[in-house]
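Novice: sequence and predicted model, in that order:
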Amino acid sequence: MDANQALNELLAGRLKPGVYQWRTPPAPGAIGDTSWTDRAEEAGWRGFHLDGRRARDKAGFVRLCADVFEVPALAGGDWDDLARCLEDLSWTPAKHGYLVLYESWSELADADQKSLRVVLDVFGDAVKTWRDTPTPMTVLMSSVGVEVAGVPRLG
């Protein structure tokens, strides 16, 4: 199954929510292409796009999340604050689910592997929190040419 078909299956509720690697075709789907958000929103999902080129350490990643998830108070926060934010999301309701696309995560992996591991744990816990609700969360780790050890592929 290719990346686009896998996304369609996920949005239709036929794939289990989780944290996945997502290999998109070179174009569309290139870094910075957010056409997937239109597809998500048409299916009733709330999409969040994390551009990892803006986050090479813990502080940068938390600031990025503060911007993307529209929680200004999170900007100076820590991992626990981020976890609470992702497990709440009451300020941004979704009809069918939450979809987070984390592109260029390899920037953080190259600069701060420990922080990337914490990010994966925080995402994993958030996905578990939302899994059995009417609005599950899925996180797609998108990158070209690299993979995250221990994270299954979607498409």
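Specialist: In hand now; what should we look at? Residues are numbered from 1 along each chain as shown.

Novice: what about the closest residue to Ala55 other than its chain neighbours, which helix or strand?
Specialist: Taking CB to CB, 6 or more residues apart in numbering, and ignoring the residues beside it in sequence, Ala55 has Phe61 as its nearest neighbour in space, at 4.0 Å. (Glycine included, C-beta is placed from N, CA and C.) Of the helices and strands defined by DSSP states H and E, Phe61 is found in helix 58-68.

Novice: any idea of the mean pLDDT in that helix?
Specialist: Along helix 58-68, the predicted confidence averages to a pLDDT of 94.

Novice: how far off centre is stretch 49-57?
Specialist: Chain-centre distance of stretch 49-57: 11 Å, with CA atoms, centre = their mean, to the nearest Å.

Novice: contacts for that stretch next, please.
Specialist: By CB atoms under 8 Å, 6 or more residues apart in numbering, the residues outside stretch 49-57 that reach it are 31-32, 34, 37, 60-61, 63-65, 68, 100-108, 110-112, 115.

Novice: before we move on, the earlier item: how many neighbouring residues does the residue nearest to Ala55 have?
Specialist: Each residue near Phe61 was counted by other CB atoms under 10 Å, and the total is 26.

Novice: what sits against the most centrally placed residue in the chain?
Specialist: What sits nearest the mean C-alpha location of the chain, by CA atoms, centre = their mean, is Val100, with 2.8 Å. For Val100, the contacting residues are Gly47, Phe48, Leu50, Phe123, Met137, Thr138, Val139, Leu140, taking CB under 8 Å, 6+ apart as the criterion.

Novice: counting neighbours, what do you get for the second one?
Specialist: Using other CB under 10 Å as the criterion, Phe48 is surrounded by 21 other residues.

Novice: secondary structure element for it, which one?
Specialist: In this structure, Phe48 is located in strand 45-51 according to DSSP H and E.

Novice: next one, pLDDT for the closest residue to Gly52 other than its chain neighbours please.
Specialist: Residue nearest to Gly52 in three dimensions, not counting chain neighbours: Ser104, with 3.5 Å by CB to CB, 6+ apart. Note on Ser104: pLDDT of 90.
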